[in-house]
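Colleague: Pasted the sequence and its predicted model underneath.
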Amino acid sequence: MTIKQSVTFIGVFVVALALSHYVSYIYQLSPWLDFVLSTIAALGAATYFLIKFGRKKGKILHFLNNIDIALIVTDNQGNITLINSKAKEMFGLGQREKINIKEMPLDKDSPLHYLVRTLNGSQVYQEPYFTSQSGENIQYFYINATNILNEQGQPVGAILVAWPVSEQSFHGLQLSQSGKLTMIGELAAGTAHEIRNPLTSVRGLIQIIDQRLLPQDPTKEYLSVIMREIDQINHIIKELLLLARRTTPNLSFTSLPAILDHVLSLIEGEAASKGIIINKKYQDNLPLMVLDEDQIKQVFWHLASNAINAMSMGGQLTVAVTYYEQQEQVEINFIDTGTGISKENISRIFLPFFTTRAEGTGLGLPVSYQIVDNHGGKLSVKSAIGKGSTFTIKLPLVNYQNTKAS
């Protein structure tokens, strides 16, 4: 190993560890998760070094084939350029010689989808995963898929690492954001069903009473209020049930600008009454998206409405849409000049029932997160007190997971 190679390795190794600790700090990961992320980062750095400077591929494979970690590296086209024995065993790829991950028929639950989606975008996927290879022999893993970048910061491929964990650790890792939403949603859904049934009966009786009253009877006004409150409860129940089920979106080709224009027209009146200016920055010639129009419309409405509520008198809401052709990904940003979100609250805003508004239910953002996740996308936020907030949605051009499964 030359001095240049040694310096390069140390640099890559240090940067990888620094980035992993930065992510852990930002997302307030537990010490155990921080350790896992650091180890994966270190392994990724070592793999990058071996691929870049290794003179004998046999030595690289000998090293990688003797670790209990599954590793797959691909180029930008999806061709597997490096795969170790553990990965072949785990994903059933032992008999294949030339493999293109994009052309493989994948089971809808296969973690290899993360690798494909990483190649189609710039996201990092980290998920718990388990596999059963011989009936009762269940193995648990933590999956990490991310892009490989060249010196200019351009993606040149992707890497997937599957790290074995204990069953106890696996179940802890399952309580990721999406897992928390589903778990809490399932708990609430059981109660929601018990509420909905008698509520339907109450609503029916209210309607019967209303029909028997004279038009001028003042009781009608009270009944009208009761009906509105019942409808509000039903709306909350509907959102709870959405959290409990990872429903498959009803996909169709859809125009994002058309959906956004419709949603923004619904809040223009409220924005104008508060002196808020709405700016639209849509990139020209945006492609059609494969989406569930009604669900995505719901997400956009929640984000736009939250932005308006975050501003008092005056301010601006900017909605920007950008298409990244190379990544086959569209990014939608909702940028407001409102009060901002504290660091303590940012880690909690996607949890059900968390709200800072007296009239809020705390379900809008969790439901939005779940919908975007069901579309194979990511919903994130950047904010600071006094500096406003930016909610970012990243959606794949083609909803790969759902189109494959359908």
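Modeller: That came in fine, so what should we check first? Numbering: from 1, shown residues only.
Colleague: Would you state the strands of the protein in chain order?
Modeller: Secondary structure of the chain (DSSP state E): strands located at 70-75, 80-83, 125-134, 137-149, 155-165, 252-254, 277-282, 289-291, 316-324, 329-336, 378-383, 389-396.
Colleague: average pLDDT across the first one?
Modeller: The predicted model assigns strand 70-75 a mean pLDDT of 86.
Colleague: do the fourth one as well
Modeller: Rounded to a whole number, the mean pLDDT of strand 137-149 is 74.
Colleague: What strands flank that strand, and is each parallel or antiparallel?
Modeller: Applying DSSP bridges, strand 137-149 is found paired with strand 125-134 (antiparallel), strand 155-165 (antiparallel).
Colleague: in the longest one, what counts as buried?
Modeller: Of the residues in strand 155-165, those buried by neighbour count under the rule 16 or more other C-beta atoms under 10 Å are Pro155, Gly157, Ala158, Ile159, Leu160, Val161, Ala162, Trp163, Val165. For the C-beta atoms, the positions are set from N, CA and C on the backbone; glycine is no exception.
Colleague: Now do that strand, average pLDDT.
Modeller: Per-residue scores along strand 155-165 average to 81.
Colleague: What of the shortest one?
Modeller: Looking at strand 125-134 alone, the average pLDDT works out to 56.
Colleague: Likewise for stretch 275-284?
Modeller: Averaging pLDDT residue by residue across stretch 275-284 gives 94.
Colleague: The chain should start at 31 in everything you say after this.
Modeller: Let's use 31 as the start, then, which means that last one is stretch 305-314.
Colleague: Kindly format the C-alpha coordinates of that stretch as CSV.
Modeller: Listed in CSV are the C-alpha atoms of stretch 305-314, where the atom choice follows Å, rounded to 0.1, in the frame of the first residue of the first chain:
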residue,chain,number,x,y,z
GLY,A,305,-51.8,38.5,3.7
ILE,A,306,-49.7,35.4,2.8
ILE,A,307,-48.3,35.2,-0.7
ILE,A,308,-48.2,31.8,-2.5
ASN,A,309,-45.4,31.3,-4.9
LYS,A,310,-45.4,28.4,-7.4
LYS,A,311,-42.1,27.3,-8.9
TYR,A,312,-42.7,24.3,-11.1
GLN,A,313,-40.0,23.1,-13.4
ASP,A,314,-41.0,23.1,-17.0
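Colleague: Turn the strands of the chain into TSV, including distance to Gly299.
Modeller: Compiled in TSV, the strands of the chain are given as follows (distance: least, C-beta to C-beta, whole Å):
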stretch	distance to Gly299
strand 100-105	50
strand 110-113	54
strand 155-164	40
strand 167-179	43
strand 185-195	43
strand 282-284	25
strand 307-312	11
strand 319-321	26
strand 346-354	14
strand 359-366	17
strand 408-413	26
strand 419-426	22
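Colleague: Thought Met341 was touching Ile365, still the case?
Modeller: No. Between Ile365 and Met341 there is no contact under C-beta atoms under 8 Å: 11.5 Å.
Colleague: Quick check: neighbours shared by the two?
Modeller: In terms of C-beta atoms under 8 Å, 6 or more residues apart in numbering, Ile365 and Met341 are both contacted by the residues Leu347.
Colleague: what's the farthest-apart pair in the buried residues of strand 185-195?
Modeller: Pro185 and Val195 (27.8 Å; C-beta to C-beta).
Colleague: show me where the stretch 131-280 of the chain has helices.
Modeller: 142-149, 197-203, 207-242, 249-274 (DSSP state H, counting those that start in this stretch).
Colleague: between the buried residues of strand 185-195, which is nearest Glu300?
Modeller: Pro185 (41.1 Å).
Colleague: Which strand residues bridge the nearest residue to that closest one once chain neighbours are set aside?
Modeller: Counting by C-beta to C-beta, 6 or more residues apart in numbering, Pro185 lies nearest to Asn177, which is 4.4 Å off, once chain neighbours are set aside. Taking DSSP bridges as the rule, Asn177 bridges to Ala188.
Colleague: same deal with Asp105?
Modeller: Counting by DSSP bridges, the residues bridging with Asp105 are Gly187.
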